[in-house]
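Q: Following is a predicted model, sequence given first.
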Amino acid sequence: MAKKTRPRQAADSSDDASMTARIKDVISWMSRGVYEKDQIVAMALLCAVAGENMFLLGPPGTAKSLVASRLKDVFDNARSFDYLMSRFSTPDEIFGPISISKLKNEDRYERLTDGYLPTADVVFLDEIWKAGPSIQNTLLTAVNEHIYHNGSSTVRIPMKTLIAASNELPAKNEGLEALWDRFLVRMVSNCIESESAFMKMIQGDAMDNSPLDSDRAITSEEYGRWQKESRSVGLGTDVAASIKALRKALMTLEKDDEGHLRFYISDRRWKKSFGLMQTSALLNGRRQIDMTDFILLIHCFWSDAESREPVIKAVLESMVSPILKRLSSVDREIKRILRPSESDKTERNAAGRFKEFDFFYYRIDDYPDGECLFAKWDYNGLDDSRSVAGIQYFDKARKRFVIHAMLPGRPLESKSSDGDSIRRCELQKCRGGLFVDGIPYTFTRADCDEADTVSSGKAKPVYQRVDDLKNEFATLLDEWRAMVDHNWKTPVNIFLSSTDMALVRKKIAEAEQSVTETEIKLQNLASLL
């Protein structure tokens, strides 16, 4: 039964959907009998189609070589080369032995490369950092330019991808930085973590080595066409904004790191990462990069163990950065609207504006924790331009919550409070009430009070500014919901893991909380005026 095209791929052709289904089948075949390595397998295939290289960090016995072995069989008539490097490895073992007959009879220094790296489509080098300088230099040229200088002739290398592995990262200051930079995708291959998966592995049958169906294998013609088509994949404005935010975040991290180059991303690496995102979009049946492709950058930009977590955090925060910047703009405008006028700042005016409770308190309307009073004598001590610390507690005598500002020289009476209910909060004055932890709340007004509807001077009337702000937020909210639905509500990128998705969902939930807080502020805004 043909697979349906997803709603967010409305512009895709049936060929695109068929290609995606085929890529899924290939990944499924490559993953047989391999536990908790689905994403590594998928990313290896993505790297091969994109013409990029991959580094796997992990201990021995974690299926690193198996990934490369199966990747070779994905391509029609492909050849592979794999080798375990050591300190004593020689160029002969990697690039082929010297042709004695040509050296003797023709005085030509050439290698017999057949069956070695220069003739392989898929290359796997284990313990790559143990290679000597002579191998590293030749390998760097092969990876950079896909050529091999064999004596006086230059040979084009058919290598689609180089997968390297090691149980350690390259040592510092040993000349390995250039080679390390050529591995665009960097992933960790650990031992099986799930107990159930581990038990399945040790009790399972022998590895299934049945070949991939011939009609599933990727031909040379298809490989070339996909690479060409991927270069025409477009970029949406939302992803473009996140790329700009990520670049800025990484530059800040690099500056704070005092130039250790752990967060330095070269223009070349950015360009190659963009190509990887284009290929990801194409193989997912899309003609435009979306946020699911952008998240793959968490596997591209870390350089050592210490930089991995900050890079992941930077990518995730950049994903939601555009919406958070717009929310921040809305929040600032709310504070400007709520900034008390000069007449609001006098204690006499405030006493007439707000209704008093228990002689010494104002009541906070619609407080989420329950009925809550604010100490009247603290109000004049609050500032409209900055927050001050406060304390909230449950007053057993009054059977209500009470909030006090922690102001110098002001007594703080909380003897009748329930110790378990005490918590700190941030307070700031605003028009018609106060902010508690950034959320504006009104005080109950005296019956005679009327709301201000205009501001002084030539500024827009307050009600009009509020309407404009609500319209701006409604547009912002619609665009945010559309982005989330477009990228994350349906089955998403075949190259993302469940771990990646968990990180994304957590970050989206945090952004949703910010959206909700701003929405509450806007809802409270009208009653504060």
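A: Noted; the coordinates are in hand.
Q: quick one: Lys335 and Cys430 touch, right?
A: Yes. Using Cβ atoms under 8 Å, Lys335 is in contact with Cys430, at 7.1 Å. Every residue, glycine included, has its C-beta placed from N, CA and C.
Q: More neighbours: which of those two?
A: Between Lys335 and Cys430, counted using other Cβ atoms under 10 Å, Cys430 has the larger neighbour count: 23 against 18.
Q: Name whatever forms a beta bridge with the more buried one.
A: For Cys430, the beta-bridge partners are Gly433 (DSSP bridges).
Q: okay, now the domains of the protein?
A: 13-210, 231-336+453-529, 342-451 (automatic domain parsing).
Q: who touches Asn167 in this structure?
A: Neighbouring residues of Asn167 by Cβ atoms under 8 Å, 6 or more residues apart in numbering: 57-60, 127.
Q: Can you select the buried ones from these in PyMOL?
A: The following PyMOL line selects those of the contacts of Asn167 that are buried, judged by 16 or more other Cβ atoms under 10 Å:
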select buried, resi 57+58+127
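Q: Looking at the top helix by length along the chain now, give me its mean pLDDT.
A: Using DSSP state H to define each element, the chain has its longest helix at helix 305-338. The average pLDDT within helix 305-338 is 91.
Q: Report the buried residues of that helix.
A: Applying 16+ other Cβ under 10 Å to helix 305-338 flags 307-308, 310-312, 314-323, 326-327, 330-331, 333-335, 337-338 as buried.
Q: same thing with stretch 73-83?
A: 73-76, 78, 80-83.
Q: now the helices for the stretch 351-500 of the chain?
A: Along the stretch 351-500 of the chain, counting by DSSP state H, counting those that start in this stretch, helices occupy 462-488, 498-528.
Q: between those helices, which gets nearest to Arg353?
A: Checking the helices of the stretch 351-500 of the chain against Arg353 by Cβ to Cβ gives helix 498-528 as the closest, at 11.4 Å.
Q: Counting by contacts, list what that closest one packs against.
A: When contacts are defined as 3 or more Cβ pairs under 8 Å, 6 or more residues apart in numbering; DSSP states H and E, helix 498-528 packs onto helix 305-338, strand 439-442, helix 462-488.
Q: want to throw those into CSV with distance to Met207?
A: Shown next, in CSV, are these (distance: least, Cβ to Cβ, whole Å):
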stretch, distance to Met207
helix 305-338, 31
strand 439-442, 58
helix 462-488, 35
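Q: With distance to Arg216 added, can I get the domains of the chain in TSV?
A: Listed next are the domains of the chain as TSV, based on distance: least, Cβ to Cβ, whole Å:
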stretch	distance to Arg216
domain 13-210	6
domain 231-336+453-529	14
domain 342-451	55
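Q: Which one of these lies nearest to Gly224?
A: domain 13-210 (10.6 Å).
Q: Off-centre distance for the closest one?
A: Taking Cα atoms, centre = their mean, to the nearest Å, the mean C-alpha location of domain 13-210 is offset from the chain mean by 27 Å.
Q: Where does the prediction get shaky in the stretch 401-529 of the chain?
A: Residue ranges of the stretch 401-529 of the chain with pLDDT under 70: 409-420, 447-461, 463, 491, 526-529.
Q: Now do the strands in the stretch 101-250 of the chain.
A: In the stretch 101-250 of the chain, the strands defined using DSSP state E, counting those that start in this stretch lie at 122-126, 147-150, 153-156, 161-166, 185-188, 234-235.
Q: sorry, that was for the stretch 351-500 of the chain
A: 356-357, 361-364, 372-375, 388-395, 400-405, 423-430, 433-436, 439-442.
Q: pLDDT (mean, whole number) over the fourth one?
A: Strand 388-395 shows a mean pLDDT of 90 in the predicted model.
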